[in-house]
Structures are given as C-alpha cells and as structure tokens.
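Engineer: Task: produce atomic coordinates for the following.
(chains A, B, C and D)
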There are 2 protein chains.
Amino acid sequence: MSRPTLEKVAARAGVSRATVSRVVNGSTTVAEHIRVAVQRAVEELGYVPNQAARSLVTQRADSIALVFSEPPVRVFSDDPTFAGIIRGVSAEADAADKQVVLMLAGSTRGHERVERYTTSGHVDGVIVASMHGADPLPAALARRGIPVVCSGRPLTGSSLPYVDIDNVGGAESAVRRLLEAGRRRIATVAGPPDMVAGIDRLTGYRNALRDSGRRSIIAIGDFTRDSGYEGMTQLLDDDPGLDAVFAASDMMALGALRALRKAGRRVPDDVAVIGYDDVPAAPYADPPLTTIRQPTMRMGRELVRLLLNPGESSVILPTELVVRESA
Amino acid sequence: MSRPTLEKVAARAGVSRATVSRVVNGSTTVAEHIRVAVQRAVEELGYVPNQAARSLVTQRADSIALVFSEPPVRVFSDDPTFAGIIRGVSAEADAADKQVVLMLAGSTRGHERVERYTTSGHVDGVIVASMHGADPLPAALARRGIPVVCSGRPLTGSSLPYVDIDNVGGAESAVRRLLEAGRRRIATVAGPPDMVAGIDRLTGYRNALRDSGRRSIIAIGDFTRDSGYEGMTQLLDDDPGLDAVFAASDMMALGALRALRKAGRRVPDDVAVIGYDDVPAAPYADPPLTTIRQPTMRMGRELVRLLLNPGESSVILPTELVVRESA
DNA sequence: ATGCTGGCTGAGAGCGCTCTCACAAGGAGA
DNA sequence: TCTCCTTGTGAGAGCGCTCTCAGCCAGCAT
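Structural biologist: Okay, the predicted model is just below:
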C-alpha cells in the first residue's frame, strides 16, 4: 500500500536504481529496449518520484513561491491585478516546469512563516508582490541567499530586481486625455502613500498638470470604493468647480461616480472621470468607465523570467488607455 | 555561505546531532543548560531545518494543498466564496502549523500536474474546491492514498468527506421571502447544471415553488454577469408578467438588474430580485441587492478540520438571508 | 558494596533519491 | 591479436534529518 520506490521499479524492470533514475529524468544514454521496460514498470507500479528525497540531493525544489504581503481580503477582491499576475506566473512557471506555491503573508506572523518556509528549502525562489511601505521581507530573504524578485519597485531602495508597470506614465496619459478634452480643473483621488502604485500615480498626475501649468487638487484614498466616495465628496467640497477627476483605482472611481451622482453632477458632462486598473466591473459602471489597463498577465510572466534568469535587469511595462464613456 | 546543517549547530553547541534535533523539535527531555546553549547556536548560525531531509524521514510534509479545479479567472473574480474559503483554510491551517499550497488546476494539464505534485509527497492532504461535473480528481487522489476532502458535495457519488453549504436551503429561503412578500410569478436564473451549487440552488427554488403550488419559470446561466443579463432578458420574453426573480449568483443578479432597467421595469416595485453570494458589490448595486450570504470562511476552517481529523463526517453549513432593497 | 532504576545523551542506521565513478562489452584501428 | 575508445550499466556514497537503542551517570534501595 505504500508508495513504490525507485528500488521497487528497478527490481521489477530487472535493472539498477541508477538506470531507472536515468529513464525517469530523461537521460539519453539508455538503450531503447531498457527504457521501454522501465517505463512499463513505472506505469504498472504507478511510480511517482519522492520529491523530498530528490530535493535533498539536488538542493532544488523545482517550485517557486508567490507571496502576497497583503491581507487575503484585498488580494481576492475585485482587483484584477492580482488575478493577472497569478495567471501570468502560473503560465510561465508551467512552461519552465516549476510549481507555484501561493502564500499570503498578511500578518507579522505571516511574514515569519513565509521566511521560515522559503528558507527551509521548499522553493528555489520567491516573488514578492503587493508590498506596503518599506517591506523588509524581500531584503531579508535575499540576505539569506534566496533569489527574490519584486512585483512593483521596492520602496526600500534596495537593488533587488523587480518588474513594475509604468504607473507614472499611465497616470500621465490619463490626465493628458482630460487636458486634451478641454478640462480645466482636474482633481485626483490618490492611492495610499505607502504603496508604490499610490505614490507613482500621484507623481504622474502632478507631472501632467505641472506641464500644463494647472493647479493640483488632491484627496487621499486607499484604493477602496468607500475611500473613493469619501475622497470625491471631499474634493467637491474643496473645489465645487472641478470638471474632471482622476482616480488612482477603478474601485475608487466607482465610489467617486456614486458621490458625483449624489451631488447631482452628470458624468461626463459636468465632471469627467478616469480610473485605473480596468476591473471587470468597469465596463458595467454607469457610465462605463474610462480607465488605464495594465498588462498584468505579462507582468506575471516577466516576474518568473527574471527569477529564473538572474542576470537580466528589472523591467517596466507600459499601460494602455481604455476609452469608454466616463471621459 | 551555504545553509548551516544540524551537524554545524551541534558542533558549535558542543553536543550531538540528536540533541540539537531534540531541542529544535521541542523535546522535553533535554537539560535546561544544554537547551539554552543549543538555542544560542541555532540563533547565531541562523539555522533553519531542511524540510526535504525532514520530510524524507518523517514521511510528512506539514503542508496541505488547496486546489481549485477552475480557470484562475473565475477564482479571482468578484466571487467572495473563494476568498472566504482561502482565508478560512489559511487561518485553520495556521493554527495547526501547516502550510497552505494553493494550486490552480484549470486545464487538463493542470489536473495532471496537481496529481503529480500531491502524490510526490509534497503535501499531507488535499482540499479540492470548485469542481465541475463529476470531477475525477478527488477520487483519483484518494485512490493513491492521499487524504482528500471536497469543498462542495462531489457529484461523483463517491463517499469522500466534504463540506458544503446548504444551497438547497438557501435558495428555498430566498424564494420563500419572495412568496411571503406576495410575489406570484417567481422566475429564476439558474446556475450551470454541471456544478453542485447550480443544481442545488435550482432544487431549492423548485422545492419552495412546489410547496406553494406555483409554476416555475427558468433560464439557465453560468454565474456570470452577462449570463444573468441574457437569462433575464429571455425570462422577460417568456413571461412578461413575472414579478420576481431569484438569481443563483449575485453577479447574475447584477446582470438581471441591468436587463430589468433596460426593459423599463422598476426594482423592487415591478420585479423583486434576490441574488446569492453577497458579493462586495451587492450593497452598492442599484438598488442594493437582497441576497443569501454563506459562511465561506467557516467553510474553509471546516475543510481543514475535516482533512486533519479523518474520522469526522461531512458537514453542511447554513446560510443567511441578507435583506436590502431589491426584495 | 551491589544492584536497579530513571533521566539524558550519543552513535548509527536509514529515509529515497542523484550522481560520480568504475567497469563490462563491443567495435575500430594498429 | 591486442589495445583503445565508446557506449551503456551498476555499485556506492552521501544529501540532512529523525528516531531507536544502547550507554552513561547519578541516586536510591537492598
């Protein structure tokens, strides 16, 4: 009833352990008839190599960890960024014959768990996504000698390789569109100041406005729908004459839409709205939301590529403006 | 630069491998001063046990797999069911000091990968969630001798332990509410007929209607927003006089809301709508959606409990009607 | 003094695999 | 015919750990 071992297969095929190992691992230096015999034995016994034993000698685990430094709630909410990254990572890891182990490190306790798990030889490398502030995790792992790449430019000033999306450029293009449409008082509901995405999108907004000599009008949110609602309400309070708003996430844009409706403003007639992320709900918003789409799946793929090819340097992926009706 | 081994720690602390092992694993039969000395050595060297070596001898991996038999797109969409399960599983596994390995087995290839991974000794047990039709995976794993529990009653007629939510009862209570509110022609947009949730919720709808002697009006969807829109449109076509609809998922309810608006029906005045799942967007719908909430997090916890305590029998969790404005 | 516990510690086997190295054939070249 | 490769196969060490067992040294009863 116990799982068959290499030895059992070898006995059945009438060869040595070494030969079975060779066949299982696809060595070419095995005579055809023996290979066939071994494969039949493997089949008949339902043999699957014991990964622990294999890892013990090869010092490889053939799997990589994808850790989210974030409470699970957010990871699995409407944000398509995570879904895209996960899909991209899965696809690329698959191609490289690596397993993906997803870990959530929401709490401090989680951090410690992740550190133990990854340093105990379970994985060959780690992708750290969705960091807040100056997350010490990636650097800690790197210090331990574990290959690490970050999803999103790390705020720690470390020289770890990363893959990011051009948040600054994306925000700029959103604001530029607003400018080109003749909007004059363009506000923003910014993201949290402890996340790169929040910081960079605000920078993009400022850049674009500065170039045009216009004044910035800012409220701070945390990427959630409610914070978008509140931010928009506050913005309307601060400057009732605003005629456009750039929300640093679609969820906040959805909240903003609600606040605008409540305030009796028509979108896009009175106030144009642009979001960020292109969430699944964006095309169903009222009115359908103009937004910035990110190549999240490609991001996932690049992360794995980078992890597996330590030589290469960090990459920054471009965004795309998706025009619908809100702006 | 290489990771320190037990041997190194032993040498530094001036004791044997066995003693270090005892300390690391919390044995009580170690003299206090020796324990302290060993712990200091562990600390100084930054020793972390090699999990592969440990697994090799203990035959345990101290981790469990949570596999979703579903394309990642759906797993990480607005559906809070998955998020809840993941959180519950994480929490309970944490308490039992087990790691959770998340795997997506969307494709056939994925199935095979999961089977290989789980049978190769990487995990001590598997939780299979979100199965379609008569998924052969759980039974296949069980046959291999791997502990398996299913999230949702398996359609295979196998006797595998499972945790499910009372879909029938939930649907019944939704329809009953509609009945009690005096609605007379109650339609449903059902879920896919190859998933337990789809089947059982339809059964619940039928049960409740049968008891009241009313006729059923049915359209089939696949839990997505678009299918809800189409289903509702078709329903309106079939029976323009309907005055209520039970959608087997909130996303479909959202689509239905849109179709109703387009057809000029007011909700809830002309047509009452009840959804299922209580997605994050439900309270923000127009009007806010009355729906059935499921104890998803608890489901996750129960899954782990069941996996870790093989004696216990399958459980079915109750649902809760959340009344908002759509019905 | 002798024998017996009982509490701690160390020696050593072995988990299932990979990989190096030695070695057996068989063919080519001298 | 003998040597020298070349090609394919097996023997065996060892990866880092756990766990059984034997051994040692009190301390106590006899």
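Engineer: Touching, A:Ile199 and A:Arg206? I think so.
Structural biologist: No: using C-beta atoms under 8 Å, A:Ile199 is not in contact with A:Arg206, being 10.7 Å away. Glycine gets a C-beta too; all of them are placed from N, C-alpha and C.
Engineer: what is the mean pLDDT for stretch A:244-251?
Structural biologist: Mean pLDDT, stretch A:244-251: 96.
Engineer: start to end distance for it?
Structural biologist: End-to-end span of stretch A:244-251 (C-alpha to C-alpha, to the nearest Å): 17 Å.
Engineer: hmm, that stretch touching chain B?
Structural biologist: No: Stretch A:244-251 does not reach chain B (C-beta under 8 Å from any C-beta of the partner chain); its nearest approach is 9.2 Å.
Engineer: what about that stretch, distance to the chain center?
Structural biologist: 20 Å (C-alpha atoms, centre = their mean, to the nearest Å).
Engineer: Repeat that for stretch A:98-118.
Structural biologist: So, by C-alpha atoms, centre = their mean, the centroid of stretch A:98-118 is 15 Å from its chain's centroid.
Engineer: wait, does it contact chain B?
Structural biologist: Yes: judged by C-beta under 8 Å from any C-beta, stretch A:98-118 comes into contact with chain B through A:99-104, A:109, A:113, A:116-117.
Engineer: quick one: contacts for whichever residue of the stretch 101-250 of chain A sits closest to chain B?
Structural biologist: Going by C-beta to the nearest C-beta, chain B is nearest to A:Leu102 of the stretch 101-250 of chain A, at 3.7 Å. Residues in contact with A:Leu102 (C-beta atoms under 8 Å, 6 or more residues apart in numbering or on different chains) are A:65-68, A:86, B:101-102.
Engineer: and the helix or strand hosting A:Arg201, what does it pack onto?
Structural biologist: In the assignment (DSSP states H and E), A:Arg201 maps to helix A:196-212. Applying 3 or more C-beta pairs under 8 Å, 6 or more residues apart in numbering or on different chains; DSSP states H and E, one finds that helix A:196-212 contacts helix A:167-180, strand A:186-190.
Engineer: List the neighbours of the shortest one that are in contact with it.
Structural biologist: With C-beta under 8 Å, 6+ apart as the contact definition, strand A:186-190 has outside contacts at A:175, A:178-179, A:198, A:201-202, A:205, A:209, A:214, A:216-221, A:227-228, A:231-232, A:235, A:238-239, A:242-248, A:252-253, A:256.
Engineer: Only whichever of these are buried, select them in PyMOL.
Structural biologist: To isolate the buried ones among those in PyMOL, judged by 16 or more other C-beta atoms under 10 Å in any protein chain shown, type:
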select buried, chain A and resi 175+178+179+198+201+202+205+209+214+217+219+220+221+227+228+231+232+235+242+243+244+245+246+247+248+252+253+256
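Engineer: Could you check how far A:Thr119 is from A:Val67?
Structural biologist: Look at A:Thr119 and A:Val67: by C-beta to C-beta, to the nearest Å, they are 13 Å apart.
Engineer: Look at whichever residue of the stretch 201-327 of chain A sits closest to chain B and tell me its secondary structure.
Structural biologist: Chain B sits closest to A:Pro280 of the stretch 201-327 of chain A, with a gap of 6.1 Å, by C-beta to the nearest C-beta. Here A:Pro280 is recorded as coil under DSSP: H, G, I helix; E, B strand; the rest coil.
Engineer: List the contacts of the closest residue to DNA strand D within the stretch 201-327 of chain A.
Structural biologist: At 21.4 Å from DNA strand D, A:Pro310 is the closest residue in the stretch 201-327 of chain A, using C-beta to the nearest atom of the strand. Going by C-beta under 8 Å, 6+ apart, A:Pro310 touches A:147, A:161.
Engineer: got the residues of chain A near DNA strand D?
Structural biologist: Within reach of DNA strand D by C-beta under 7 Å from any atom of the strand, chain A has these residues: A:15-19, A:22, A:29-31, A:34, A:53, A:56-57.
Engineer: Let me have these in a markdown table, extended by pLDDT, secondary structure and distance to A:Gly275.
Structural biologist: Shown next, in a markdown table, are the residues of chain A next to DNA strand D (pLDDT from 0 to 100; DSSP: H, G, I helix; E, B strand; the rest coil; distance: C-beta to C-beta, whole Å):
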| residue | pLDDT | secondary structure | distance to A:Gly275 |
| --- | --- | --- | --- |
| A:Val15 | 91 | coil | 63 |
| A:Ser16 | 90 | coil | 64 |
| A:Arg17 | 91 | helix | 60 |
| A:Ala18 | 91 | helix | 60 |
| A:Thr19 | 92 | helix | 61 |
| A:Arg22 | 92 | helix | 56 |
| A:Thr29 | 82 | coil | 59 |
| A:Val30 | 86 | coil | 58 |
| A:Ala31 | 87 | coil | 63 |
| A:Ile34 | 90 | helix | 62 |
| A:Ala53 | 94 | helix | 51 |
| A:Leu56 | 92 | helix | 50 |
| A:Val57 | 92 | helix | 52 |
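Engineer: Now render those as CSV, adding distance to A:Arg305.
Structural biologist: Below are those laid out as CSV (distance: C-beta to C-beta, whole Å):
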residue, distance to A:Arg305
A:Val15, 38
A:Ser16, 38
A:Arg17, 36
A:Ala18, 34
A:Thr19, 35
A:Arg22, 30
A:Thr29, 31
A:Val30, 32
A:Ala31, 37
A:Ile34, 37
A:Ala53, 29
A:Leu56, 28
A:Val57, 27
